[in-house]
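> Requesting a structural model of the entry that follows:
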Amino acid sequence: MRKIICIVLTLIICAAMFTACGEKTGHKVLFRDDSKSEEVTATLIDNRNKKAPAEIEQISKDGESITYAAYGDTKKYSKIVFNCDGDNTDELAFNDLVNGWHKSANGIYPYTEGKKELDVIDYAVKTFDYDGNEKEVYICTPDGYDKNAKKKYPVIYMTDGGNLFERNATTYGSWGVYESVKSMEKNTGAGAVIVGIDNPSATRDSELTPDIGDVVAEPEIYENGKGKEFSDFLVNKVVPYVEENYNVATDPEDVAICGSSSGGIESFYIGMEHPEKFGTIGALSPAFVLYDDNTWVKYLKSKKFDGNYPKVYLYCGEANDLESQLLPSTKSMPANLANISYPKDKICEIYCNKGMHNERYWRYIFPDFLKFFRK
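Numbers count the residues shown, from 1 in each chain. Next up, the predicted model:
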């Protein structure tokens, strides 16, 4: 009997040693580095900015890049930073939907193991009449899209459609939404359809500003906004077209509206106006500052949700002047919602002290919004 116990204990100890010395634990996120850094470490960060080192190993090397794999607990941590030969990357989303990140001359974009990275993203373009002018809408389906599949695809409607897909869209690249969805599809087996509505600079400020009261910030630019007209256009023209021509879900829990800056305040407004249609709102770096808290509370009290409270994802940085100006009003929005007894568990707040007001940082955080949408 004693001999059997000793054998069992020995096996347990050996198994533990094998795990400690061999197999890594936790969710694996790849980091493909075209600069071929020889020494790469990784740090995990939670939503309270607490940090911990990640397990990391080099898994491949070729003429173009070195690929590493980092491991960690996605229940504890939501961001990851890679240190490449002494230089840190920015904070990147870390969750079960993220397959990897690729650092190249074009910046850092979501990466999917075993999938070819596209220089040109394939999406359909539909032109609508909008206030006597033409407005383009871009519809991007995931890699495994099947128009005849029984299970319908989740769909995300987004403002500033021209900045979502192409890596040369802006000085800071694009949102990388196609790459994020592809990464999600690799890890979960499920993709999503992205519908981006173009908001050209000449009319953007007006289109993406809801008129809910007296504007307190730069009124000469933002007064008399036509956010309601844009909301009506989306709900009455774009959404019906997409639902008729694409295999997308119509249940609110599978439909989201998302945008940044002026697109963030407009997305929030659209979601509040149509809780029966949009179950998730993504308001990234939102321009809530245009109205004071009293105006917001008065507006929110005028809404009837009938139990259909959209989930609200709020994000803001503070590393440049514009983000710093938007941060206080973003942080005060949960209190405004609480004033109308909005369910607290429907609200997610994410803040990044190094986040700046551009597509690069919205690209880094978008997979976190995706997780919030799909959970």
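> Quick one: the helices in this structure, in order.
Assigned by DSSP state H, the chain shows helices spanning 2-21, 177-188, 201-207, 219-222, 227-233, 239-245, 262-273, 293-301, 321-338, 359-374.
> Select, out of these, the one closest to residue 108.
helix 359-374 (7.4 Å; Cβ to Cβ). All C-beta atoms are positioned from the backbone trio N, CA, C, and that covers glycine.
> residue ranges with poor pLDDT in the stretch 51-200 of the chain?
Across the stretch 51-200 of the chain, nothing is flagged by pLDDT under 70.
> before we move on, the earlier item: take the helices of the chain and write them to TSV, including mean neighbour count and distance to residue 100.
Shown next, in TSV, are those (neighbours: other Cβ atoms under 10 Å; distance: least, Cβ to Cβ, whole Å):
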stretch	mean neighbour count	distance to residue 100
helix 2-21	9	23
helix 177-188	24	7
helix 201-207	16	33
helix 219-222	13	40
helix 227-233	19	36
helix 239-245	14	30
helix 262-273	26	27
helix 293-301	16	39
helix 321-338	18	27
helix 359-374	24	11
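> who does residue 107 bridge with?
Counting by DSSP bridges, residue 107 is bridged to residue 104.
> Does it touch residue 173 like I think?
Yes. With contact taken as Cβ atoms under 8 Å, residue 107 and residue 173 are classed as touching, separated by 4.9 Å.
> Quickly list what's touching both of those two.
167, 360, 363 (Cβ atoms under 8 Å, 6 or more residues apart in numbering).
> which one of these sits closest to residue 282?
For the shared contacts of residue 107 and residue 173, the nearest to residue 282 is residue 363 (13.2 Å; Cβ to Cβ).
> Surely that closest one and residue 109 touch.
Yes. Contact between residue 363 and residue 109 holds when scored by Cβ under 8 Å: they sit 6.9 Å apart.
> Give the residues shared as contacts by the two.
Common neighbours of residue 363 and residue 109, counting by Cβ under 8 Å, 6+ apart, are 173, 176.
> tell me the contacts of the closest residue to residue 323 other than its chain neighbours?
Once flanking residues are discounted, residue 323 sits nearest to residue 317: 4.3 Å by Cβ to Cβ, 6 or more residues apart in numbering. By Cβ under 8 Å, 6+ apart, residue 317 lies in contact with 285, 323, 327, 351, 352, 353, 354, 355, 356, 357, 361.
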